[in-house]
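Engineer: sequence and predicted structure below; questions after.
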Amino acid sequence: RARGVTQLARCISGNRREFRPQIRVFEGIRRCKSELAETFDTGVSGRTTLSPTAHFGWTTLHSPSELKALAHETIDQGNQLLSQLLAQPPGSIRILELLDDLSDLLCRVADPATYIRQLHPDTKMHDAAIYISQLLGNYIEQLNTHTPLYLALKSVRDDPSFSTLSVEEQRTTIQLLHDFEKSGISLPKEQQREVVELCEQIQQLEFAFESKLLEGGGGSVDAFQVTPSNIQRVLCLVSDPETRLKLHQSAYTPAPDHGAILDAMLGARHRLATVVGYQSFGESVLVQNMVSSPNQVQYFLREFWKGLKPRIDREVGVLRDTRRSHGPADNDDRLWAHDRPYYTNIHAGSIRRRKQKTLCSDYFSVGRCFEGINMVTQAVFGVTLRPVSPVSDELWHPSVSKLVVEHEEEGELGIIYCDMYARDHKTDGPAHYSILNSREVRDAAGQPVSYQKPMVVLTCSFLPPSGTRPTLLSLAEVETLFHEMGHALHSMFGRTKFQTVAGTRCPLDFVELPSQLFEMYARDYRVVSQFATHYKTGEPIPEDVFQATLEDDGRFIGLNAVDSVIQSMVDQMYHSADPLAISTTDTLIQIQREFNPLDFAPIPLQFRYGHLCGYAAAYYSYLWCQALASMIWTKCFHNDPLNRESGDLLRKHVLAHGNARPPWKMVEGLLGNQPSMDEVVEGALSRWNAKGS
C-alpha cells in the first residue's frame, strides 16, 4: 500500500522456461554476503542506543507533547504562508508555488503521523499521532473551503499567461482546483460547513474502523488458536469439516460496533459525495482516475473474471476430486470456501511428495533478497542501495535499517527506512509510507537549484531472524518485498517541481503500476538465479526448484483471482449510489453468489477488508495495474529484464513524473499507444495465466 493523506496537501504503492536470452551475470553476489545482506539477515541495524520516541533524527519529537506542539506550530506557520500567498498579485505563478510550500509544510507532519499511528512501539506516541492527524486533517479541510485561497488559485488558471505554463504547472493547478470543488467550495456556506463536518466525521470513522480491525476475530476452537492473520494456515491443517467451519466463523467474528462503524462510514462518504454534486462516493473518487467511472470498473472486473472462468472451473474440479479422495465419506458434493485451504494443501502435498521438492524458501533470506533488489536497481537504473549507520534519535526500533539510495551520476537520491520484522504494537501487513517527498528546491530568487531528497518507510511483517538462522521468505513474500521496493523507487525517482504531484502522489489505479512491475523480477529465473542462494551451502537456487515453486503457487491462481474480484466488486457496491439499501453482509453475499464458484457460509468477511479505508472505491487498482505492468514488461523487459535502456525509459516516462503528467500519456510513452479497455483486460489475463503456467 502506498500511504498518504488526501485533498489540498495531497499528502494525501510467451513461455519463460523455453526463452532464455543471455543477460549479464553478477557473479559477485553469489560468492559472499555483502554488508547489505548482513544488515537484514541479522535483523539488527547496528544501533547500540535507541530512543523509544525517535523519528528520523528530528530532535523535536522526543515526546507526545512535542509531537502535538509541532502540529500546532505547523498550523501557525501554515497561516503565515497563507497570508503571504493571498498577498500575491492575481494570476502570479507564485500563488501555486506558495501553495505547494504550504502542502509540503503540512505533509512533513501529517505523513510521519500516519507512519507513527501504524508502526511506532510507543502507544502514547500512537495516540498523539491520531490527535495530530485529526488536527491537521481538520485544518486541511478548512483550507479546502477557504474561498479567498480558491479564488487566488483560480486566478492562475484564468490568467492569459496560463497557456505558457509548463504541463506540470497547468495540471497541478487544475487538480488542486478540482480538490477545492470536491470540497464544496462553490456551495452555500451552510453546505460548506456540512462538508467540513462530514470530512472530519469520515476521518474519525476510518480511524475507528482500522482500530477495530485489530480487535475483531480470533479465539480457541478444539485446541486450535486462530486469528484473522493465521486462519488460512490453520485451516490447511484441520481435517474435521465442522471444526474448520467453527474456526472460520471465529476468525471473522467482528469486533463490537464494527458493523455500526462501517455503516456510518459508508453513509457519511455517500452523503459527502452527494452534497458536492456526485451520484456516489465511487464516482467522486474515480473521476480523476485512469478508469474514470464505476461502470468502467465493473466492466473491467467482469470481463477479467469471464476470461479466467475456464481456469477457475478446472481448479474447482481438481479440488472436488481431492475432496472425494480425502474428504468425509458422505453424499454431500458441496465444496465450501472455508474448506479450500485444506484441500488445496492436500493436493499440493501429494504433488510435493511425488517431486520430493526442496523448499524454495531456503534460498530466499531477507538479506539475499535485498541483494537481488540492489542488483536489479544497479543494472536497470544505475542506482545502489547502501546501508548506513543511523544518527542519534533516528530509528524507532533496533531492527529498523537505513538505506541511502545513490545514483552513479546524480549522487544521493533519498533515504529508505526498512522496518521488516513483526513485533508487538505494529500493524500487520506490508506498506510504503512517504515521510518527505521530492520537489524542486528554489533559491531566494525563485530559481530551482536542486531537489528535496525524499524519505520513505517500507514495512513488512516477516518473522525476525532467530540466532544464526536468517529469516527465510516464501516466494509470495519475496514478491511482496519487491512490490514495496517498487513504491520506494517511485518516490526516489520523483523529479517534479511540486511535491503535491511527486512520486506516489498520483491516482490509486496508477500508483500500483511501478510496484506491480517490480514484482515481476521476483518471478523471473534469469534474475532470481543471480541472487538466491541456499542460506547454509551458498548453492544457487536450481531452476527445477524455482519452477516447481512457481507451478505450486499458480496451481489455484484462478481462485485467488476470484478473491480479488469479489473484494473489488464489494468495494464498488459499498460506494455506489445506494450503498446501504441492504446490509453490508447481504451485499457481500450477493457478490459472492455472482462470482464465487464455491459454496460459502454467510460470514461477514467485510470486517477484515482494511482496503475499505486506504483504497475506498479503488481496490480494483491492483488488478488494473497488474495488467498494465504485464503489458509494459512484455514490451520493455521480457527479452532482457536487466536492460538499462528500458530502465532509463521507464524512469523518463513514468517514475520521474508522479502525477505531473496524465497517467495514460505516461503509459503511452512506454507502450507506443494508449491501450483500450479490452486490451487491458487481456493484459490482466496474460499476467494471471502466466502465474499459473
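Structural biologist: In hand now; what should we look at?

Engineer: who's in contact with the residue nearest to residue 679 when sequence neighbours are not counted?
Structural biologist: Among residues not flanking residue 679 along the chain, residue 631 sits closest, at 7.7 Å (Cβ to Cβ, 6 or more residues apart in numbering). (Glycine included, C-beta is placed from N, CA and C.) Contact analysis of residue 631 by Cβ atoms under 8 Å, 6 or more residues apart in numbering lists 671, 675, 679, 680, 683, 686.

Engineer: check what pLDDT the third one gets.
Structural biologist: It refers to residue 679. In this prediction, residue 679 carries a pLDDT score of 97.

Engineer: okay, now it: neighbour count?
Structural biologist: For residue 679, the neighbour count with other Cβ atoms under 10 Å is 13.

Engineer: before we move on, which element is it in?
Structural biologist: helix 677-691 (DSSP states H and E).

Engineer: and that helix, what's buried?
Structural biologist: 680, 681, 682, 683, 684, 685, 686, 687, 688, 689, 690, 691 (16 or more other Cβ atoms under 10 Å).

Engineer: then stretch 450-470?
Structural biologist: Within stretch 450-470, the residues that count as buried by 16+ other Cβ under 10 Å are 451-462, 465, 470.

Engineer: does residue 625 touch residue 516 like I think?
Structural biologist: Yes. Counting by Cβ atoms under 8 Å, residue 516 is a contact partner of residue 625 at 4.7 Å.

Engineer: who does the host helix or strand of residue 205 touch, helix- and strand-wise?
Structural biologist: Using DSSP H and E, residue 205 sits within helix 189-215. The contact analysis (3 or more Cβ pairs under 8 Å, 6 or more residues apart in numbering; DSSP states H and E) places helix 189-215 against helix 123-144, helix 258-275, helix 611-614.

Engineer: okay, the ones you listed in a markdown table with distance to residue 217 and mean neighbour count next?
Structural biologist: Output for the helices and strands packed on helix 189-215, formatted as a markdown table (distance: least, Cβ to Cβ, whole Å; neighbours: other Cβ atoms under 10 Å):
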| stretch | distance to residue 217 | mean neighbour count |
| --- | --- | --- |
| helix 123-144 | 21 | 20 |
| helix 258-275 | 10 | 20 |
| helix 611-614 | 16 | 19 |
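
Engineer: tell me which of those sits nearest to residue 359.
Structural biologist: helix 611-614 (31.0 Å; Cβ to Cβ).

Engineer: what's the mean pLDDT across stretch 485-500?
Structural biologist: Mean predicted confidence for stretch 485-500 is 96.

Engineer: in that stretch, what's buried?
Structural biologist: Applying 16+ other Cβ under 10 Å to stretch 485-500 flags 485-500 as buried.

Engineer: report the two of these separated the most.
Structural biologist: Across the buried residues of stretch 485-500, no pair lies farther apart than 485 and 497, at 25.7 Å, counting by Cβ to Cβ.

Engineer: what helices or strands is the longest strand along the chain leaning on?
Structural biologist: Taking DSSP state E as the criterion, the chain has its longest strand at strand 411-421. Contacting strand 411-421 under the criterion 3+ Cβ pairs under 8 Å, 6+ apart are the following elements: strand 401-407, strand 455-462, helix 475-492.

Engineer: what would these look like in JSON lines with distance to residue 554?
Structural biologist: Shown next, in JSON lines, are the helices and strands packed on strand 411-421 (distance: least, Cβ to Cβ, whole Å):
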{"stretch": "strand 401-407", "distance to residue 554": "32"}
{"stretch": "strand 455-462", "distance to residue 554": "22"}
{"stretch": "helix 475-492", "distance to residue 554": "10"}
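
Engineer: now do the biggest helix by length in the chain against helix 677-691, angle only.
Structural biologist: Determined from DSSP state H, the single longest helix within the chain is helix 294-326. Orientation of helix 294-326 against helix 677-691 (axes from the mean of the first three to the mean of the last three Cα atoms, to 10 degrees) gives an angle of 30 degrees.

Engineer: so what secondary structure elements neighbour helix 294-326?
Structural biologist: Checked by 3+ Cβ pairs under 8 Å, 6+ apart, helix 294-326 has helix 281-286, helix 340-355, helix 557-574, helix 621-632, helix 677-691 packed alongside it.

Engineer: quick one: which helix or strand includes residue 423?
Structural biologist: Going by DSSP H and E, residue 423 is not in any helix or strand.

Engineer: that one and residue 398 touch, don't they?
Structural biologist: No. Counting by Cβ under 8 Å, residue 423 sits too far from residue 398 to count as a contact (10.3 Å).

Engineer: those two: which is more packed in?
Structural biologist: residue 398 (15 against 12).

Engineer: so the more buried one: helix, strand or coil?
Structural biologist: Secondary structure for residue 398, judged by DSSP: H, G, I helix; E, B strand; the rest coil, is coil.

Engineer: kindly reformat the helices and strands packed on helix 189-215 as JSON lines containing distance to residue 340 and mean pLDDT.
Structural biologist: Shown next, in JSON lines, are the helices and strands packed on helix 189-215 (distance: least, Cβ to Cβ, whole Å; pLDDT from 0 to 100):
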{"stretch": "helix 123-144", "distance to residue 340": "36", "mean pLDDT": "89"}
{"stretch": "helix 258-275", "distance to residue 340": "25", "mean pLDDT": "97"}
{"stretch": "helix 611-614", "distance to residue 340": "21", "mean pLDDT": "91"}
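
Engineer: and of these, who's closest to residue 478?
Structural biologist: helix 611-614 (22.3 Å).

Engineer: with just CA atoms, put the closest one into PDB.
Structural biologist: Listed next in PDB are the C-alpha coordinates belonging to helix 611-614 (Å, rounded to 0.1, in the frame of the first residue of the first chain):
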ATOM      1  CA  HIS A 611      -8.700  -1.500   2.000                       C
ATOM      2  CA  LEU A 612     -12.100   0.000   2.600                       C
ATOM      3  CA  CYS A 613     -10.100   2.800   4.200                       C
ATOM      4  CA  GLY A 614      -6.900   3.200   2.200                       C
END
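
Engineer: chain center to that helix: distance?
Structural biologist: 11 Å (Cα atoms, centre = their mean, to the nearest Å).

Engineer: and it, what does it pack onto?
Structural biologist: Secondary elements touching helix 611-614 (3+ Cβ pairs under 8 Å, 6+ apart): helix 189-215, helix 557-574.

Engineer: just name the most buried of the ones you listed.
Structural biologist: Neighbour counts (mean count of other Cβ atoms under 10 Å) averaged over each of the helices and strands packed on helix 611-614 peak at helix 557-574, with a mean of 22.

Engineer: gap between the nearest residue to residue 687 once chain neighbours are set aside and residue 255?
Structural biologist: Nearest residue to residue 687, sequence neighbours excluded (Cβ to Cβ, 6+ apart): residue 630, at 3.8 Å. Per Cβ to Cβ, to the nearest Å, residue 630 is found 38 Å from residue 255.
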